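Asker: This is a predicted model, with the sequence first.
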Amino acid sequence: MEIDELKQIIKNADTAINREDFDDLMDFYSDDATLVIKPGMLAKGKEEIRRAFEAIADYFNHSLIVNQEKMAIIEAGDTALVIANAKLSANQKTNSEFSMERNATYVFKKDLKGTWRCIIDNSYGAEILE
């Protein structure tokens, strides 16, 4: 059942991104989470992550749509690794190199209340090595 729960949590996060509901989106993350904005650029903590998502929304002229096509979830106790085929689209993207399909990696940890929170959000997956 944990796998279905994590898939739903990720779907809810994608919905929050698509609606630009950054208050809801911040519930998805742990207080000390890290977001890979792009290779070599990280946002740490909810405040920086929120600002990053606001900037991303501006960059895509508020037209970004995100969803995960396929997911593989590996769970060990209170930690889970999620590998997902992330699809991104934007009707009004500004000019730049940007991969619209990625094999993302996410790390989740259960908090003390038993709620899964994202602690590492890396939509670039192994691309950060390049």
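Answerer: Arrived safely, thanks for sending.

Asker: In the longest helix anywhere in the chain, which residues are buried?
Answerer: As assigned by DSSP state H, the longest helix anywhere in the chain is helix 2-19. Buried residues in helix 2-19, counted by 16 or more other Cβ atoms under 10 Å: 6, 9-10, 13-14, 16-17. (Each C-beta comes from the backbone N, C-alpha and C, glycine too.)

Asker: swap in stretch 38-48?
Answerer: In stretch 38-48, counting by 16+ other Cβ under 10 Å, buried: 42-43, 46.

Asker: Apart from its chain neighbours, what residue comes closest to residue 72?
Answerer: residue 83 (4.7 Å; Cβ to Cβ, 6 or more residues apart in numbering).

Asker: next structured bit after the helix or strand where that neighbour lies?
Answerer: Following DSSP states H and E, one finds residue 83 within strand 79-90. Using DSSP H and E, the helix or strand that follows strand 79-90 in sequence is strand 101-110.

Asker: CA atoms only for that next one, dumped as PDB, please.
Answerer: Output of strand 101-110 as PDB, limited to C-alpha atoms (Å, rounded to 0.1, in the frame of the first residue of the first chain):
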ATOM      1  CA  GLU A 101      11.000  14.300 -20.800                       C
ATOM      2  CA  ARG A 102      13.200  13.200 -17.900                       C
ATOM      3  CA  ASN A 103      13.900  10.200 -15.800                       C
ATOM      4  CA  ALA A 104      13.500  11.900 -12.400                       C
ATOM      5  CA  THR A 105      14.700  10.600  -9.000                       C
ATOM      6  CA  TYR A 106      13.000  11.500  -5.700                       C
ATOM      7  CA  VAL A 107      13.900  10.400  -2.200                       C
ATOM      8  CA  PHE A 108      11.100  10.300   0.400                       C
ATOM      9  CA  LYS A 109      11.200   9.900   4.100                       C
ATOM     10  CA  LYS A 110       8.400   9.300   6.600                       C
END
